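A.B. asks: coords below, sequence missing:
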């Protein structure tokens with residue numbers, strides 16, 4: 001199967017490309033995933049809950065299983081051989097607040113702090129929404145922590161709206177995530 005590559009212009013050195021993760025990417029993806037998760041949430045959560053979550057969610061074997069999962073697609077934002085971000089799209093079960101016939105979830109969406117403000121997140125989101133369209137999705141949805149205003153504002157700029165909530169377990173701490181949805185066919189670019 002041919003892997004689609006999207007190229008775009010950014011302020012990063014070299015050429016940013018977005019490509020599907022391969023088996024050989026599992027180790028680098030695991031490091032990026034844990035690093036970006038910790039950078040985003042460690043200051044707001046107890047170390048023991050952060051550690052518990054990271055041990056259960058990140059590691060080369062875990063990311064390898066995700067790369068191989070037929071219901072999950074992992075897309076990497078790469079420049080000069082370095083990973084700057086990733087997005088994961090998943091088809092499957094949805095919470096009741098998400099009304100759709102063919103939904104696709106953005107399970108994870110993270111960009112390394114070195115790439116903030118340089119167009120990587122925009123390129124990655126444009127790719128994720130484009131890929132969801134190729135998958136014939138009618139709605140793209142995601143969960144975002146209620147105490148992550150930067151992410152909420154980013155998703156709103158892309159046309160996502162809050163439609164409900166669910167609980168995300170951070171170790172032993174139940175945290176409220178907002179469920180946000182974007183109907184495909186509506187405007188899909190930051191305003």
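C.D. replies: Great, that's in hand. If you're wondering where the values come from, they're calculated on a predicted model, not measured in any experiment.
A.B. asks: and the most centrally placed residue in the chain, how far is that from residue 46?
C.D. replies: Central residue of the chain (CA atoms, centre = their mean): residue 109, 1.7 Å from the mean position. Per CB to CB, to the nearest Å, residue 109 is found 24 Å from residue 46. To be clear about C-beta, it is placed using only N, CA and C from the backbone, and glycine gets the same treatment.
A.B. asks: residue 17 now?
C.D. replies: Per CB to CB, residue 17 is found 38 Å from residue 46.
A.B. asks: between those two, who's got more neighbours?
C.D. replies: Higher neighbour count among residue 17 and residue 46: residue 17, with 16 against 13, using other CB atoms under 10 Å.
A.B. asks: so which strand or helix has residue 109?
C.D. replies: Assigned by DSSP states H and E, residue 109 belongs to strand 103-111.
A.B. asks: and the strands in this structure?
C.D. replies: 6-8, 16-20, 72-79, 82-90, 103-111, 139-145, 161-170, 173-183 (DSSP state E).
A.B. asks: want to throw those strands into a markdown table with mean pLDDT and distance to residue 97?
C.D. replies: Shown next, in a markdown table, are the strands of the chain (pLDDT from 0 to 100; distance: least, CB to CB, whole Å):
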| stretch | mean pLDDT | distance to residue 97 |
| --- | --- | --- |
| strand 6-8 | 38 | 30 |
| strand 16-20 | 94 | 29 |
| strand 72-79 | 96 | 21 |
| strand 82-90 | 97 | 16 |
| strand 103-111 | 97 | 11 |
| strand 139-145 | 97 | 9 |
| strand 161-170 | 95 | 3 |
| strand 173-183 | 96 | 5 |
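A.B. asks: and for the closest residue to residue 110 other than its chain neighbours, the neighbour number?
C.D. replies: Excluding the flanking residues, the one nearest residue 110 by CB to CB, 6 or more residues apart in numbering is residue 36, at 3.8 Å. Using other CB under 10 Å, residue 36 has 21 neighbouring residues.
A.B. asks: cool, residue 40 as well?
C.D. replies: Neighbour tally, residue 40, other CB under 10 Å: 16.
A.B. asks: any idea how far the closest residue to residue 109 other than its chain neighbours is from residue 126?
C.D. replies: Spatial nearest neighbour of residue 109, chain neighbours left out: residue 87 (4.8 Å); criterion: CB to CB, 6+ apart. For residue 87, the distance to residue 126 (CB to CB) stands at 10 Å.
A.B. asks: so these two - more neighbours on which side?
C.D. replies: Here residue 87 and residue 126 are compared on neighbour count by other CB under 10 Å; more neighbours surround residue 87, at 24 against 18.
A.B. asks: I figured that one was touching residue 108, is that so?
C.D. replies: Yes - Residue 87 is within contact range of residue 108, at 6.8 Å (criterion: CB atoms under 8 Å).
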